[in-house]
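>>> What follows is a predicted structure for the sequence shown.
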Amino acid sequence: MSTLKVDEADVYYGRVHALRGLSFEVQDGEIVCLLGNNGAGKSTTMNMLSGLVRPKSGTVRWGDMDLATAKPWDIVAAGLIHVPEGRRIFSTMTVHENLLLGGYTVRDAKLIAQRVDQVYALMPRLAERRRQQGGTLSGGEQQMVAIGRAIIGGPKLLLLDEPSMGLAPLVVKQVMETIQAVNAQGTTVLLVEQNARAALKIADRAYVVESGQTTLSGPAAELAADARVIDAYLGG
Ligand code: ATP
């Protein structure tokens, strides 16, 4: 069991107190969503889990690993892989080359080849476009490449920051279905979203993050029916 457990974490950027005693957990096999508005602290949370920003106090553990002190490289190698906001794929490299970059911590070339096949099976559209340059893809396809690249690293826990950003509703649906399929193949998912409606459809549980704290939590279906969530995040 490798439960992710964040307990009373505080993060500062200089004088800005970005996370204020944030607590939540993710169990093996779950899709958990963090909902919140701009500036609530969602990206900071993801960066803290990846070892890119450090908590000043509190605990951040994933199974045996202390994420508050572990090196980012070791965190990735252990299988906690972060797809940051904004996709960041390389526009002059092909789809295939972009995917291979996800294997930088994987030494076994056969394993990389197997995972590339797995990505193409999961996302046939990328297989069709494997020789196309990243910059010529649609936003949804670029998001798929970003998720596919993470899969090459062999994620046990996948962190997805705003995968629906800037995508049309139908494309959001396809991306969410892909995330569900990745989860069904055995990867635990922590999803950060402003698109609460789409995220709550695929999540098992969710937390609302406000001003660096989790203020509400529960099964996704319960939160989707909660008047406070409807008012604040589902457009009334
Ligand atoms: P968004 O969806 O807009 O990225 P968010 O919920 O991910 O929002 P964060 O980006 O984590 O929020 O920001 C949390 C708080 O920390 C905000 O008040 C933000 O202004 C502040 N912050 C984030 N990064 C920095 C930084 N590098 N330096 C100073 N303040 C920062």
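Nice, I can see it.
>>> give me the beta-bridge partners of the residue nearest to the spatial centre of the chain?
With distances taken as CA atoms, centre = their mean, residue 160 lies nearest the centre of the chain, 1.5 Å away. Residues in a beta bridge with residue 160, per DSSP bridges, are residue 83, residue 191.
>>> you'd agree it is up against residue 179?
Yes: with contact defined as CB atoms under 8 Å, residue 160 reaches residue 179; the gap is 6.7 Å. The way it works is simple: take the backbone N, C-alpha and C, and place the C-beta from them, glycine included.
>>> The residue nearest to the centre of the chain and the ligand: what is the separation?
13 Å (CB to the nearest ligand atom, to the nearest Å).
>>> Could you pull up the residues touching residue 127?
120-121 (CB atoms under 8 Å, 6 or more residues apart in numbering).
>>> And the pLDDT at it?
Here, the pLDDT recorded for residue 127 equals 96.
>>> Format the CA atom coordinates belonging to whichever strand or helix holds it as PDB.
Using DSSP states H and E, residue 127 falls within helix 124-128. C-alpha atoms of helix 124-128 as PDB (Å, rounded to 0.1, in the frame of the first residue of the first chain):
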ATOM      1  CA  PRO A 124      -5.000   5.400 -31.300                       C
ATOM      2  CA  ARG A 125      -5.100   9.000 -32.500                       C
ATOM      3  CA  LEU A 126      -1.500   9.500 -31.400                       C
ATOM      4  CA  ALA A 127      -0.500   6.300 -33.100                       C
ATOM      5  CA  GLU A 128      -1.800   7.700 -36.400                       C
END
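>>> Please spell out which residues along the helix or strand that it is followed by are buried.
Using DSSP H and E, the helix or strand that directly follows helix 124-128 along the chain is helix 139-152. Residues of helix 139-152 classed as buried: 140-152 (neighbour count, 16 or more other CB atoms under 10 Å).
>>> so how far is helix 139-152 from its chain's centroid?
12 Å (CA atoms, centre = their mean, to the nearest Å).
>>> Likewise for stretch 37-48?
That offset, for stretch 37-48, works out to 12 Å (CA atoms, centre = their mean).
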